[in-house]
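Peer 1: with the input below, show me the fold.
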Amino acid sequence: QVLLQESGPGLVNPSQTLSLTCTVSGASITSGAYGWNWIRQPPGKGPEWLGCIGSGGRTYYSPSLESRTSVSRDTSKNQFSLQLRSVTPEDTAVYYCGRGVSGYVDFWGQGTLVTVSS
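Peer 2: So this is what the prediction gives:
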């Protein structure tokens, strides 16, 4: 069983950086042909893929958010992280981490609500 758990602030001020960490247990983020993903779902809207980091460390980003997004990892802690810069209230969403394989996510975190507001 692969478990993923998101952590980070639930409230971020506009223009600041949103930072979240996903802690993985039951699998190594450096093994296998997997991508470790960040996905979000704004209130009343569909899910949006933000980016991912592969088991080899290569990163991939949504073209629409690439200029504001960074995904990194800490292999010693089996964690990967998201940074989204210059946030606005439109970045308010439930943020999920998930393990991706062959184009779909097979294990999801429970999600964490991040509100952008002053």
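
Peer 1: what sits against the most centrally placed residue in the chain?
Peer 2: The structure's the chain has its C-alpha centroid closest to W38; by Cα atoms, centre = their mean the separation is 2.7 Å. W38 makes contacts with 20, 22, 49-52, 71, 82, 95-97, as judged by Cβ atoms under 8 Å, 6 or more residues apart in numbering. Where you see a C-beta, it was placed from the backbone N, CA and C, and this is true even at glycine.

Peer 1: go on, G10?
Peer 2: Residues in contact with G10, defined by Cβ under 8 Å, 6+ apart, are 112-115.

Peer 1: count the residues that sit near S81.
Peer 2: By the other Cβ atoms under 10 Å criterion, the neighbourhood of S81 contains 19 residues.

Peer 1: what do you get for Q79?
Peer 2: 19.

Peer 1: how near is it to Q41?
Peer 2: The spacing between Q79 and Q41, counted by Cβ to Cβ, to the nearest Å, is 22 Å.

Peer 1: now do T23
Peer 2: Counting by Cβ to Cβ, the separation of T23 from Q41 is 20 Å.

Peer 1: repeat for V2
Peer 2: Relative to Q41, V2 is positioned 21 Å away (criterion: Cβ to Cβ).

Peer 1: next one: S117
Peer 2: For S117, the distance to Q41 under the criterion Cβ to Cβ works out to 18 Å.

Peer 1: and what of S67?
Peer 2: Computed as Cβ to Cβ, the S67 to Q41 distance reads 21 Å.

Peer 1: so for these two, which sits in the more crowded spot?
Peer 2: Set side by side, S67 and Q41 give different neighbour counts by other Cβ under 10 Å, the larger being at Q41 (15 against 9).

Peer 1: what's near enough to touch that one?
Peer 2: For Q41, the residues meeting the contact criterion (Cβ under 8 Å, 6+ apart) are 47-48, 93-94, 96, 111.
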